Each structure stands twice: as C-alpha cells, then as structure tokens.
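sequence-free structure coming up:
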Ligand SMILES: O=P(O)(O)OC[C@H]1O[C@](O)(CO)[C@@H](O)[C@@H]1O
C-alpha cells in the first residue's frame, strides 16, 4: 500500500484527482471505477473545473440502492449524473440497476459486465465500519457482485441524503470484494475523524472479514490518500511517512 497523508481534505482530493488525471492522459481507452458518497464529490468538481476529457473513458460504479429507479433523486445513478456525468461526458457509464425486476439476475449481469471490460483504476471510499462499496463487515472476501443487506450503521450514515431513516433502502447491489480486487489499480480516499478507526484497521490490522477494507493489503497496486484526521489512529511513523509522501507528491508537480 502506498500511503499519502495530506494536511487537508481538499489536498487529499487534489492528490487523488491528479493521480486519476495522470492515468487517463495519453490513453486511447480507459475503464475507471467510480464511487459515491460525500468523499468523491470534491474530486468530481475538479473533473468539471479542469474540463477533463473523459470521452475515451468507460465508467463503472460500485453500487446502487435496491428499490430506487435511476431517476430517483437519491439513487446513485442520479448522484453520478448530478455530480459528474451531466457536465463531463464519458464514452459510456454503467451503474447497477436498482429497479431491476430480478436483483439477483442484475448482480450476475453486472458482474459479467465488469469482468468483461476490466477496471483499470477503481476509486474507493471507506465506510466508518470499514465497508468498501456496500461490502459490510462479515462479507466473504471472495464475494462477487451481490445483493447485500445494509447495516443499521450504514443506513444511519447515509440517512443525511434522505428525509427520514425509513426512506433509506435496506438493500443494495454492490460489486463484491473479489470484483473490486480484480481492478488493476485502486485509489482509496478517506478524510475526517469518523474514518480514522476504519483506516487504522485497513492498514494495520490482520486481514479480516470484520474489517472488509483489510483485504486491500493483498492488492498489488493500492494508493491510500488520507487527510491528517483520517490518519490520526495510525502509527505515528506511518503518519510521518505519509505526510512526507504527500509533500513530495505536490513538490514534484509544482
Ligand atoms: O464518502 P462517504 O459519504 O463517507 O461514504 C463512505 C462509503 O459509504 C458508501 O457511501 C456506502 O454507504 C460508499 O459508497 C462510500 O465509499
């Protein structure tokens, strides 16, 4: 794992965006895995401000709530259109269908799609309980795209997007941990104190299904971009090395 610890959330987002921009440059085709939630919103603004050319890029999203049609204001389809796709045209974009009549069939379709196109770089966030995408604690490490029951802590963490907790879906379709691990490269961004415990376990605990993000330790190409708060539960030496790496990242691009 390559770990960078930026001084602010904005600097962390800038690092992650710059990494993605550099990977896209000069490519004829590229498959970019995208995430939802609050963390990537600042980065998607950078795509827009920079008018980043994504006309050669195919995107695949990690997850979608079951029961929400693409045009539902709280669906991840809608989130991606509003935060990115309405302003930054992609060659094509794929998000699981939350309104599929047969969710299990949709998981098989989506898994086959993601495997067939192959993800060059997967952007990830991380939940407070260590979930990545909607792979909640206890999810098998070899899980493929599947229907998942959302934990109460995850529903609570996402209720801010809904009028009430009762409106937060209880199930989602999510890429599995094995699906995500199949990406050639992974960039995970975490900011804020709320993520500090999950980040500590992701990096410093023995891989366990109780902290799904620990599986990333076994991936050959993972960059973890943190702000100081999200890194605050990691070992002091790791924080110091990460801070130097972030400073170096900016200095060589100044
Ligand atoms: O970036 P946020 O809003 O903290 O979300 C963290 C994680 O939780 C999810 O939104 C799922 O609840 C993931 O998609 C995301 O990576």
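Yep, it's here. Predicted model only: the values in this text are computed from it and were never measured.

ok, residue 129 - contacts?
136-137, 151, 153-154, 198 (C-beta atoms under 8 Å, 6 or more residues apart in numbering). Any C-beta I mention is one placed from the backbone N, CA and C, and that applies to glycine too.

between all of these, which two are separated the most?
Of all pairs drawn from these, the greatest distance, 13.0 Å, lies between 151 and 198 (C-beta to C-beta).

neighbour count: those two, which is higher?
Under the neighbour definition other C-beta atoms under 10 Å, residue 151 and residue 198 were set side by side, and residue 198 has more, 23 against 17.

that one: which element?
For residue 198, the host element (DSSP states H and E) is helix 196-204.

tell me the contacts of residue 188?
Counting by C-beta under 8 Å, 6+ apart, residue 188 touches 123-126, 132, 202, 213, 216, 222-225.

hey, what's it bridged with?
In this entry, residue 188 is beta-bridged to residue 124, residue 224, by DSSP bridges.

can you give me the pLDDT of it?
For residue 188, the model assigns a pLDDT of 98.

residues of the stretch 151-254 of the chain that sit close to the ligand?
Taking C-beta under 6 Å from any ligand atom as the test, the list of the stretch 151-254 of the chain residues beside the ligand reads 154, 158.

any chance you could map the strands in the stretch 151-254 of the chain?
If you assign secondary structure with DSSP state E, counting those that start in this stretch, the strands in the stretch 151-254 of the chain sit at 171-174, 185-190, 222-227.

so which of those strands is nearest residue 45?
Residue 45 lies closest to strand 185-190 among these, at 13.7 Å (C-beta to C-beta).

among the contacts of residue 188, which one sits closest to residue 43?
Proximity to residue 43 was ranked across these by C-beta to C-beta; first place goes to residue 123, at 7.7 Å.

count of neighbours near the residue nearest to the closest one when sequence neighbours are not counted?
Excluding the flanking residues, the one nearest residue 123 by C-beta to C-beta, 6 or more residues apart in numbering is residue 35, at 5.0 Å. For residue 35, the neighbour count with other C-beta under 10 Å is 23.

likewise for the one 10 residues further on?
Counted by other C-beta under 10 Å, the residues lying close to residue 45 total 15.

what distance do you get for residue 159 to residue 137?
In this structure, residue 159 and residue 137 are 19 Å apart, going by C-beta to C-beta, to the nearest Å.

pick out whichever of those two has more residues nearby.
residue 137 (17 against 14).

which residue is the nearest non-sequential neighbour of the residue in the stretch 101-250 of the chain that the ligand sits nearest to?
Nearest to the ligand in the stretch 101-250 of the chain, going by C-beta to the nearest ligand atom, is residue 125, at a distance of 2.5 Å. By the measure of C-beta to C-beta, 6+ apart, the closest residue to residue 125 outside its immediate chain neighbours is residue 39, 4.2 Å from it.
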